[in-house]
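Colleague: Using only what follows, build the 3D model:
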Amino acid sequence: MPTDSLDHSHNLAAIKFHRALERAHGDYAQSLAAALGEDIVEVPALRGPVQRRIAALPGLATIKGMTAGEIATELDYDEANTYTAVAGLEKASMVEVVEGSRPRRWRLTVKHRRNRVLRMSRLIPKGRWTTYGEFSIAIYGNWRMAITVGQVAKKNPAFANPHRVLKSGGRVDDEWRDDEGRGPEECKRRLTEEKVWLGGKDTANRKFFLGWEELKRLLEAAEADEESEQAA
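Modeller: Coordinates of the predicted model:
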C-alpha cells in the first residue's frame, strides 16, 4: 500500500478515535456534574428507625408539609414522641418549618425535597417495581448513573420505597437493608405483600415493571404540579 494511503488511513483512524474520546469525556463530565450537583447530597446522621421513617413520608416532600399530629397518624406513633423526633430532624437540617404555618408544619429542606432521585422514589406506586438503571435513564437519559441511584437509595433516608427499586432483572441486592437493618428477605416480604414477587423464580413479576418512560412522565408531572402550587 502506498505511503500516502497509509497516512490517510492513519489520520482517519486518529480522527475517529479522538471524536469517540471526546464523546466519552463529555458523557462522563455530564454524569459527574449531575452526581455532584444533584444527587450526592449530604446525609445527616439520624437517630433510630422513627426518624428514618419520618424522613421518607411523601407528605414531607410537599410545599405544604405536615404537622406533628399528621406525621404521628401516618406512622401510628405517639404525637409527643413524634414532635421530639421531628425536632431532631430539624436540628440535623433534614426538615424545616414551613414559614407562617399554624399549627406548625414541617417539610424536607430544599436540597432533599427537590432532588430528582429522591422525588422519583416517592412516585413509585404500591404494586409496581423498577430498577436503578430505569431511574438513571429517566433522569439523565442514560444508564451510567445507576450506581449513584443505588447509593442514594442505600444512604439517604429520604429515599422512599427502596424495596420497589431493584437490580436488573428484578433481583434484590444482597446488601439491601431497611431502616431497622433487616436484609433482602424483608425486601422480598414487602414485595410479596404487594403481590409482585415471584418466590419460585426469586425475581419480581415483570407484569408490574415500571419503565423509564413512565417514570419520566410521573416525575415531570410532579414537578409541574409543584410549579403550579408555587405560582398559586
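Colleague: When you work out contacts or count neighbours from here on, use the C-alpha atoms and nothing else.
Modeller: OK.
Colleague: domain parsing for the protein?
Modeller: Annotated domains of the chain cover 50-111, 115-231 [automatic domain parsing].
Colleague: so for the longest one, what's the average pLDDT?
Modeller: What domain 115-231 shows for mean pLDDT is 93.
Colleague: Ends of that domain, what's the gap?
Modeller: 20 Å (C-alpha to C-alpha, to the nearest Å).
Colleague: Numbering from 652 from now on, please.
Modeller: Shifting the count to begin at 652 puts that one at domain 766-882.
Colleague: just the helices in the chain please.
Modeller: Remark: helices assigned in the chain by DSSP state H are 654-685, 699-706, 719-726, 730-742, 761-764, 767-772, 783-791, 797-806, 835-844, 863-882.
Colleague: could the domains of the chain go into a markdown table alongside mean neighbour count?
Modeller: Listed next are the domains of the chain as a markdown table, based on neighbours: other C-alpha atoms under 10 Å:
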| stretch | mean neighbour count |
| --- | --- |
| domain 701-762 | 18 |
| domain 766-882 | 18 |
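Colleague: hang on, the earlier thing: nearest to residue 817, of the helices of the chain?
Modeller: With respect to residue 817, and counting by C-alpha to C-alpha, the nearest of these is helix 783-791 at 6.4 Å.
Colleague: roughly how far is that closest one from the heart of the chain?
Modeller: Mean-position distance between helix 783-791 and its chain equals 10 Å (C-alpha atoms, centre = their mean, to the nearest Å).
Colleague: before we move on, what about stretch 713-725?
Modeller: Distance, centroid of stretch 713-725 to centroid of chain: 21 Å (C-alpha atoms, centre = their mean).
Colleague: Check stretch 703-715 too.
Modeller: On C-alpha atoms, centre = their mean, the centre of stretch 703-715 falls 13 Å from that of its chain.
Colleague: Start and end of that stretch, how far apart?
Modeller: Length of stretch 703-715, first residue to last, C-alpha to C-alpha: 20 Å.
Colleague: any idea of the mean pLDDT in it?
Modeller: Regarding stretch 703-715, the rounded mean pLDDT is 91.
Colleague: which residues are contacting that stretch?
Modeller: For stretch 703-715, the surrounding residues in contact (C-alpha atoms under 8 Å, 6 or more residues apart in numbering) are 697, 716-717, 722, 726, 737, 745, 749, 756-759, 763-764, 770, 773, 808-811, 830, 877, 880-881.
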